[in-house]
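>>> pasting a predicted model and its sequence here:
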Amino acid sequence: MSEIIRLEGVHKSFGEGPGAVHAVEDVTLTIDRGEIFGVIGYSGAGKSTLVRLINGLETVTSGRLVVDGAEISAMREKQLRGVRPEIGMIFQQFNLFPSKTVAENVAYPLRVAGWDKARREARVAELLSFVGLADKARARPTQLSGGQKQRVGIARALASEPKILLADEATSALDPETTRDILGLLRCVNAELGITIVVITHEMDVVKYLCRRVAVMERGRVVELGEVYDVFSRPRQEVTRRFVGTSLRDRPSPEVLTRLADTHPGTLVTVGIQEETGSSARLMRTLGEHQVDGAIVYGGITEIGERPFGSLTLALTGEDGAIRQALADLSTYTTVQEYPELKELQR
Ligand SMILES: Nc1ncnc2c1ncn2[C@@H]1O[C@H](COP(=O)(O)OP(=O)(O)OP(=O)(O)O)[C@@H](O)[C@H]1O
């Protein structure tokens, strides 16, 4: 698979000196042609800045950025104007022209690019039919639902046949059911038109549904990067654990942990569940080998691409030494989170 986007040590700061904001710091990653790549992070992590660098709306402060063979980071505004039609973009707030009809909104980039009327009309009809809005050509955006507005946004972004589609929080203003519809449409855009999609989001469910690989961003940096399943089934960073936690609600909050410690004897630990643990079978076997009892007191297991992941919180009882040995064994094939602060409380 060839790459379509490459970032090498990319920095972007706003302002200079001590007051400068470092929105993107030392980001190195490649995105493959034809993949759906996710960038997840909380507000202010630098996601929007990253996509604005990719489509040339912001210039990099330092580092190298190559999009479809063109070195964006070395280009001047005039050259960037030639590259931008290759990259479509959709937004959380849709950014449609309220006074134009649906057809006029979709035709807008084609008009700017100088397409004649007959070609424009044919292309708009094709696009509206692709996004399922053939009957809304003459409607105005105010007459459409949120999901329909985003379909217009997608049709407009696809108008000039881009190779890349950037989706910046494209479903964050939509209800869960409409979100599913739009994500389904994005899958079609990728599968049927072969367009590479970069999805920016703060929702793990969006990444889980759409993406093959994901970068987790925090304070301008990529802190985890890999296959979606690997990143979420073995989260290495606290921020990634928080994303998994909000999607799956599998990890107890500090308040719940304190209550669990009060009501259950033994040592509380949270153990990751993925393919290697075979849901929970291997986990229970390891405990059994050390004559340690494990009561499941909290947890959640779900799937990504039919592969299980999540975590179980257990109250372990047995000899202290046996518990330590069992935890050491578990750590050889899964993540084990201990809570030394609870021991202090239980004393
Ligand atoms: N034009 C700008 N001038 C100054 N600071 C900026 C500018 N654009 C972004 N920033 C700052 O850069 C940081 C990253 O912002 P960015 O919008 O990229 O984050 P984000 O992850 O997309 O968050 P959100 O989802 O809230 O937009 C923030 O601290 C933001 O205030």
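Right, received. Where do you want to start? Numbering: from 1, shown residues only.

>>> got the residues of this structure near the ligand?
Contacts of the chain with the ligand, taken as CB under 6 Å from any ligand atom, map to F14, V21, A23, G41, S43, G44, A45, G46, K47, S48, T49. Quick note: C-beta positions are derived from backbone N, CA and C, even for glycine.

>>> pLDDT score for the residue nearest to R219 when sequence neighbours are not counted?
Distances taken as CB to CB, 6 or more residues apart in numbering place A45 nearest to R219, at 6.7 Å, with adjacent residues excluded. Confidence at A45, expressed as pLDDT, is 95.

>>> list buried members of the residues of the chain next to the ligand by neighbour count.
Neighbour counting by 16 or more other CB atoms under 10 Å classes A23, G41, A45, G46, K47, S48, T49 among the residues of the chain next to the ligand as buried.

>>> which ones among those are found in helices?
Counting by DSSP state H, these place K47, S48, T49 in helices.

>>> about what we covered before: out of the buried ones among the residues of the chain next to the ligand, which comes closest to R259?
Using CB to CB, G41 comes nearest to R259 of those, at 31.0 Å.

>>> for the residue lying closest to the closest one once chain neighbours are set aside, list the residues it contacts.
Leaving aside its sequence neighbours, G41 sits nearest to M217 (CB to CB, 6+ apart; 3.5 Å). Contacts for M217 were tallied using CB atoms under 8 Å, 6 or more residues apart in numbering; they are V39, I40, G41, A45, G46, K47, L50, V223.

>>> could you pull out the helices for the stretch 151-300 of the chain?
With DSSP state H, counting those that start in this stretch as the criterion, the stretch 151-300 of the chain has helices at 176-193, 204-210, 228-233, 238-248, 254-263, 281-289.

>>> by contact count, what packs against the third one?
With contacts defined as 3 or more CB pairs under 8 Å, 6 or more residues apart in numbering; DSSP states H and E, the secondary structure elements packing on helix 228-233 are helix 204-210, strand 213-218, helix 238-248, strand 293-304, strand 307-317.

>>> touching the first one from outside, list them.
Under the criterion CB under 8 Å, 6+ apart, residues 36, 38, 40, 171, 179-180, 183, 186-187, 197, 199, 201, 214, 228, 232, 243-244, 246-247, 304 lie in contact with helix 204-210.

>>> 6 Å - rerun?
By CB atoms under 6 Å, 6 or more residues apart in numbering, the surrounding residues in contact with helix 204-210 are I36, G38, I40, L183, V199, V214, V228, F243, S247, I304.

>>> which strand or helix spans the second one?
With elements delineated by DSSP states H and E, G38 resides in strand 36-40, which encompasses its position.

>>> hmm, back to that, the residue nearest to G41 pairs with what?
Applying DSSP bridges to M217 yields these beta-bridge partners: V222.

>>> how about Q337?
Per DSSP bridges, the residues bridged to Q337 are T270.

>>> distance of it relative to L268?
9 Å (CB to CB, to the nearest Å).

>>> more neighbours, the two?
Between Q337 and L268, counting by other CB atoms under 10 Å, L268 is the more crowded of the two (23 against 13).

>>> how about low-confidence regions in the stretch 201-347 of the chain?
The stretch 201-347 of the chain contains residues with pLDDT under 70 at 279, 344-347.

>>> ok, 90 please
When residues are selected by pLDDT under 90, those of the stretch 201-347 of the chain lie in 233-236, 241, 244-249, 251, 265, 273-282, 301-309, 333-335, 340-347.

>>> next one: the stretch 51-200 of the chain
Short version for the stretch 51-200 of the chain, where the test is pLDDT under 90: 57, 74-86, 113.

>>> whichever residue of it sits closest to the ligand: neighbour count?
Nearest to the ligand in the stretch 51-200 of the chain, going by CB to the nearest ligand atom, is E169, at a distance of 6.3 Å. Applying other CB under 10 Å, we find 18 residues neighbouring E169.

>>> residues contacting it?
Contacts of E169 (CB under 6 Å, 6+ apart): Q92.

>>> phi first, then psi, for it.
Dihedral pair for E169: phi 50, psi 40, per degrees, to the nearest 10.

>>> equivalent analysis for R249, please.
phi 50, psi 40.

>>> just L57 next, same as before
Here is the backbone geometry of L57 (degrees, to the nearest 10): phi -80, psi -20.

>>> try V67
Here V67 shows phi and psi, under degrees, to the nearest 10, equal to phi -120, psi 120.

>>> E25 contacts E218, correct?
No. With contact defined as CB atoms under 6 Å, E25 does not reach E218; the gap is 10.3 Å.

>>> can you tell me the SS state at Q93?
Secondary structure state of Q93, per DSSP: H, G, I helix; E, B strand; the rest coil, is coil.
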